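Peer 1: structure, please.
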Amino acid sequence: MAKRKSQLLEILYSQGPAAAVMKSVAKRHDRGLAGDLRYPFLAIVGQTEMKIALLLALVNRAVGGVLLVGARGTAKTTAVRGLVDLLPVVERSTCEYGCEPEDLYNYGMHVVCSECAHKLGMGDPITAPEPMRLVELPLNARMDDVVGGINERVALEQNRVLLERGILAQADQNLLYIDEVNLLDRIIIDAILDAAAQNQYTVRRGPMSSTYRSRLTLVGSMNPEEGLLRPQIQDRFGLRVLVRGVDDPKERIEIYRRSVAYKNKPYKFVLDWVDETEAAIIEVAEARKRLPKVTLGHEVEKEGLRWIRALKIDSHRAEMTLFEASRALAAADGRLEVTLDDLRTVAPMALRQRQTETASEYFEAQEKEDQNIKSIIDHGPKPKTRKKRAKKSMPSPSATNPASNGQLSQKSDTASNPAVGADESVSDGQA
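Peer 2: From the prediction side, this is the model:
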């Protein structure tokens with residue numbers, strides 16, 4: 001593989017604990033104070049695939065989110081929360097109704113509120129740059145908490161009905177994290193996944209209805225020991241990462257040392273990684289700007305589709321995730337064209353856990369049934385043909401003359417006239 005242009009990717013792909021990075025950064029001074037003491041994302045030892053998948057989801061929301069599957073204590077939640085420091089800046093609506101300029105361009109003036117229509121007419125902006133946020137979904141969330149519902153306080157105090165935004169609307173253009181996604185209520189997870197796929201959802205409460213945007217980056221984590229995820233839900237996540245414990249003893253001891261250093265002196269530990277974090281923020285923002293220009297060559301597409309056919313994957317989300325993740329990786333590396341190396345890097349994350357034996361067996365049985373139906377249809381009854389009538393044969397002269405065939409003629413006469421035969425036998429007996 002060619003040398004990467006991205007310093008961020010070089011750090012993530014580097015082997016070993018990278019303790020030298022910490023020592024070199026620790027010598028610098030006057031870096032200010034950390035606002036929040038989250039464990040730095042880049043300080044996580046190992047887990048390269050997990051960190052790459054999360055970064056690709058930040059660069060390209062079309063990847064379809066990330067599912068982290070692993071045992072307890074493998075830094076899944078730590079990585080997601082540390083990702084907050086790398087979240088890019090997005091243009092967010094300043095209107096309480098969520099009006100955006102694209103609404104005016106796509107649907108007309110009647111879809112924005114009067115205040116926003118006036119601002120747009122005057123040439124004033126109705127959006128402002130704001131960093132993405134991390135929105136965590138609690139495990140005990142109700143459906144009204146997720147999609148929104150009637151504001152009970154307003155209903156009691158003001159005696160009027162007001163629809164309130166839910167967590168999905170608050171997560172618009174943000175990172176939505178669902179911990180223990182396999183333990184969440186099925187109805188709620190279905191609503192979240194549908195909203196994430198449609199980029200919007202509608203809430204109806206009696207005669208009132210409201211539509212909210214949900215352009216979110218979805219990240220879920222789960223422990224397989226506590227239960228598996230339904231296949232139809234699992235298929236909605238673009239990238240799947242199997243998070244295992246680190247095997248290298250040197251890396252494991254480095255994990256312990258960094259954990260102790262973070263607990264004992266959290267400010268110092270966070271400050272030691274400020275420079276790397278700031279550089280990563282810039283690279284993520286540049287990658288997002290570069291993404292629309294990244295293209296896939298015909299040969300790359302052809303090879304990716306060949307892999308999917310060979311694996312017998314039916315879901316079309318496989319190629320969508322594979323190609324979008326490879327575009328994000330190329331953008332993160334400062335390139336405008338996807339290579340086969342990019343495709344090979346993201347293929348395990350994009351294609352794993354997309355084959356199901358139950359579905360394969362079901363479709364095989366259906367194929368046999370369809371073949372049976374087709375064979376019966378193709379080999380139906382042949383059309384009937386008219387049979388030719390046999391010509392009547394004329395009686396021969398011997399048949400018309402009983403004398404010419406004495407004995408046969410006599411039997412036939414007896415059969416045709418039984419009474420005559422009986423008289424003749426009686427007279428013979430008397431004689």
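Peer 1: hmm, D190 and L184 touching each other?
Peer 2: No. With contact defined as Cβ atoms under 8 Å, L184 does not count as touching D190 (9.8 Å). (Each C-beta comes from the backbone N, C-alpha and C, glycine too.)
Peer 1: what about the stretch 251-400 of the chain, any weak spots by pLDDT?
Peer 2: Segments of the stretch 251-400 of the chain classed as low confidence (criterion: pLDDT under 70) are 355-363, 380-400.
Peer 1: which one of L184 and D190 is surrounded by more residues?
Peer 2: Between L184 and D190, L184 has the larger neighbour count (other Cβ atoms under 10 Å), namely 23 against 15.
Peer 1: separation between that one and E225?
Peer 2: Summarising the geometry, the distance separating L184 from E225, computed by Cβ to Cβ, to the nearest Å, is 16 Å.
Peer 1: what's the burial count for S221?
Peer 2: For S221, the number of neighbouring residues by other Cβ under 10 Å comes to 23.
Peer 1: hmm, back to that, overlap in contacts, L184 and D190.
Peer 2: Taking Cβ atoms under 8 Å, 6 or more residues apart in numbering as the contact rule, L184 and D190 have no neighbour in common.
Peer 1: which stretches in the stretch 101-250 of the chain count as helices?
Peer 2: 101-107, 114-122, 143-147, 152-158, 167-170, 186-198, 231-234, 249-264 (DSSP state H, counting those that start in this stretch).
Peer 1: what are the buried residues along the last one?
Peer 2: Spelled out, it's helix 249-264. E251, E254, I255, R258, S259, Y262 (16 or more other Cβ atoms under 10 Å).
Peer 1: residues touching N60, list them.
Peer 2: The contact partners of N60, by Cβ under 8 Å, 6+ apart, come to R288, L291, E324, A325, R327, A328, A331.
Peer 1: which one among those gets closest to R72?
Peer 2: Out of the contacts of N60, the one with the shortest distance to R72 is A325. That distance is 27.0 Å, counting by Cβ to Cβ.
Peer 1: ok, that closest one - contacts?
Peer 2: Applying Cβ under 8 Å, 6+ apart, the residues contacting A325 are L56, N60, V63, G238, L239, V346, M349, A350.
Peer 1: need these in JSON lines (columns: secondary structure).
Peer 2: Putting the contacts of A325 into JSON lines (DSSP: H, G, I helix; E, B strand; the rest coil) gives the following:
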{"residue": "L56", "secondary structure": "helix"}
{"residue": "N60", "secondary structure": "coil"}
{"residue": "V63", "secondary structure": "helix"}
{"residue": "G238", "secondary structure": "coil"}
{"residue": "L239", "secondary structure": "strand"}
{"residue": "V346", "secondary structure": "helix"}
{"residue": "M349", "secondary structure": "helix"}
{"residue": "A350", "secondary structure": "helix"}
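Peer 1: any idea how far P40 is from L336?
Peer 2: Computed with Cβ to Cβ, the distance linking L336 and P40 is 30 Å.
Peer 1: who has more neighbours, those two?
Peer 2: Shown here are L336 and P40; by other Cβ under 10 Å, P40 has more neighbours (23 against 12).
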